[in-house]
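J.: fold the following, please.
(chains A and B)
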Amino acid sequence: MQLSSSGKSQEVVIEVGGIPVALRTTESAFVDLLQNRYGEYVKLAATPEFAFEVELVPAGIFNPDDDAKVWLQDGEWRMERGDFQAKWSPEHRIGQIRQVANPFSIDSVLRIIHTLLLARRGGFLLHASSAVRNGKAYLFSGVSEAGKTTMARLAPPDVALLTDEVSYVRRVGGEYIAYGTPFAGEFGEPGKNISAPIAALYLLDKAAANRIEPVETADAIRRLMRNILFFADDAELVREVFESACAFVATVPVYQLSFFPDQRVWELIG
Amino acid sequence: MPFTDMWLVKSTNIASRVLGDETIIMSTLDSTLFTLSPTGSAIWEAVDGKTPLSRIIEEKVCKEFDVTVEQARVDAEEFVNKLVKHGLLLVCDQPLP
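T.: Numbers count the residues shown, from 1 in each chain, chains lettered A, B, ... in the order given. Predicted coordinates:
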């Protein structure tokens, strides 16, 4: 991306999961990148809950081999990886991001911010594809190659895809709502920016025939925890995520979905 | 000194949830999850730093489950040893004040 500073700060508000986050930058080309990348998740009239100043820096300023680290320091969340550094004060609702000019860096920062936000609100981001059918949301989770993207790819026309990679789960009142996310995986396309109450979580594995079985509670919590995205080195937040997983499993039915990868599997859903 | 003659305290670095007659415990240090059997859950629930393990065995485990004191002691030693190794339980040689 060619940097082209206008000198004047411009703002792009990206709303995921009903939480508007403003990104401010003086780079016009980066504004265009954000608007193209986040499409229908860009809200022109939304009042942001949080705002970040984004400073673009040349490649090579960070160590590209550095893994993601997230920690709390003096009331601010600090986030670092080989392509960005960021800090964020939830109390003051502002933050700064220094990153190289690529969409993957800002995507990662946004994912981390939302995991931190959701942990405090009883929700989480989950390695799962998800979709809405007949007004209800269904989540399909599992380890790599379990079939998350396959389920998304096999979805019939009456199904609206929320994501093929990262599902957004919020607790609203007494129920859990799944939201579309712009965080695309192999499918390469952002999900629909819609939401629906979650009817079931399916834990996937591929098999010779289609079969659905209930999952025992402790096992469901264990497997759910394994697939929740979480980056922060913070015991209190880990405890909150665990509580969220327990509360989710107590509310939403969890099934094992063993499936043969063709369209007939969707006859069992919804 | 065997654990049965000592007092136990739950680590502060854990989160736990009772699920029917089982208990699931997570270490907040490394997110490791442990599922306790009904007997293990009974011991876990009774751990308060003030009741010696020997009394927990007699008053909880042997009363609620069909097991002799001798067998319950052996099983409890093994159970507590495992949880101590993972840092979920701490051992004290005197009761908490």
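J.: B:V9: which element?
T.: strand B:7-10 (DSSP states H and E).
J.: could you pick out the residues of chain B near chain A for me?
T.: Residues of chain B lying close to chain A by C-beta under 8 Å from any C-beta of the partner chain are B:13, B:15, B:17, B:19-20, B:22, B:24, B:26, B:28-29, B:31, B:33, B:35. Quick note: C-beta positions are derived from backbone N, CA and C, even for glycine.
J.: wait, is A:D205 part of a helix?
T.: No. A:D205 sits outside any helix when classified using DSSP: H, G, I helix; E, B strand; the rest coil, being strand.
J.: where does the prediction get shaky in chain A?
T.: Scanning chain A with the threshold set as pLDDT under 70 gives A:1-6, A:186-187.
J.: tell me the domain ranges of it?
T.: A:5-120, A:124-268 (automatic domain parsing).
J.: now those as a markdown table including mean neighbour count and distance to chain B?
T.: Shown next, in a markdown table, are the domains of chain A (neighbours: other C-beta atoms under 10 Å in any protein chain shown; distance: least, C-beta to the nearest C-beta, whole Å):
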| stretch | mean neighbour count | distance to chain B |
| --- | --- | --- |
| domain A:5-120 | 17 | 12 |
| domain A:124-268 | 19 | 4 |
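J.: now these in CSV, with distance to B:R55?
T.: Shown next, in CSV, are those (distance: least, C-beta to C-beta, whole Å):
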stretch, distance to B:R55
domain A:5-120, 39
domain A:124-268, 28
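J.: and of those, who's closest to B:P97?
T.: Closest to B:P97 of the domains of chain A, according to C-beta to C-beta: domain A:124-268, at 25.6 Å.
J.: isn't A:V265 up against A:M151?
T.: Yes. With contacts defined as C-beta atoms under 8 Å, A:V265 counts as touching A:M151 at a distance of 7.2 Å.
J.: just to revisit the earlier point, what packs against the strand holding B:V9?
T.: Other elements packing on strand B:7-10 under the criterion 3 or more C-beta pairs under 8 Å, 6 or more residues apart in numbering or on different chains; DSSP states H and E are strand B:89-92.
J.: contact partners of the strand holding B:V9?
T.: Residues outside strand B:7-10 that contact it (C-beta atoms under 8 Å, 6 or more residues apart in numbering or on different chains): B:44, B:47, B:49-53, B:80, B:88-96.
J.: pull out the buried residues from the residues you listed.
T.: B:W44, B:V47, B:P52, B:L53, B:V80, B:L88, B:L89 (16 or more other C-beta atoms under 10 Å in any protein chain shown).
J.: widest-spaced pair of the residues you listed?
T.: Among these, B:P52 and B:L88 lie farthest apart (C-beta to C-beta), at 18.4 Å.
J.: which of the buried ones among the contacts of strand B:7-10 fall in strands?
T.: B:L89 (DSSP state E).
J.: as a markdown table, the buried ones among the contacts of strand B:7-10 with pLDDT would be great.
T.: Listed next are those as a markdown table, based on pLDDT from 0 to 100:
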| residue | pLDDT |
| --- | --- |
| B:W44 | 95 |
| B:V47 | 95 |
| B:P52 | 93 |
| B:L53 | 93 |
| B:V80 | 94 |
| B:L88 | 94 |
| B:L89 | 95 |
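J.: who touches both of A:V265 and A:M151?
T.: Taking C-beta under 8 Å, 6+ apart as the contact rule, the neighbours common to A:V265 and A:M151 are A:F259.
J.: output stretch A:237-245 as CSV, nothing but the C-alphas.
T.: Only the C-alpha atoms of stretch A:237-245 are listed here, as CSV (Å, rounded to 0.1, in the frame of the first residue of the first chain):
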residue,chain,number,x,y,z
LEU,A,237,-9.9,-12.6,32.5
VAL,A,238,-9.2,-16.3,32.1
ARG,A,239,-11.5,-16.9,35.0
GLU,A,240,-14.2,-14.8,33.4
VAL,A,241,-13.9,-16.7,30.1
PHE,A,242,-14.3,-20.0,32.0
GLU,A,243,-17.4,-18.7,33.7
SER,A,244,-18.8,-17.6,30.3
ALA,A,245,-18.1,-21.0,28.8
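J.: quick one: contacts of that stretch?
T.: Contacts of stretch A:237-245 (C-beta under 8 Å, 6+ apart): A:116, A:118-120, A:122-124, A:171, A:221, A:224-225, A:228, A:230, A:232, B:15, B:17, B:26, B:28, B:31.
J.: tell me what B:W7 is bridged to.
T.: Going by DSSP bridges, B:W7 is paired in beta bridges with B:P52, B:C92.
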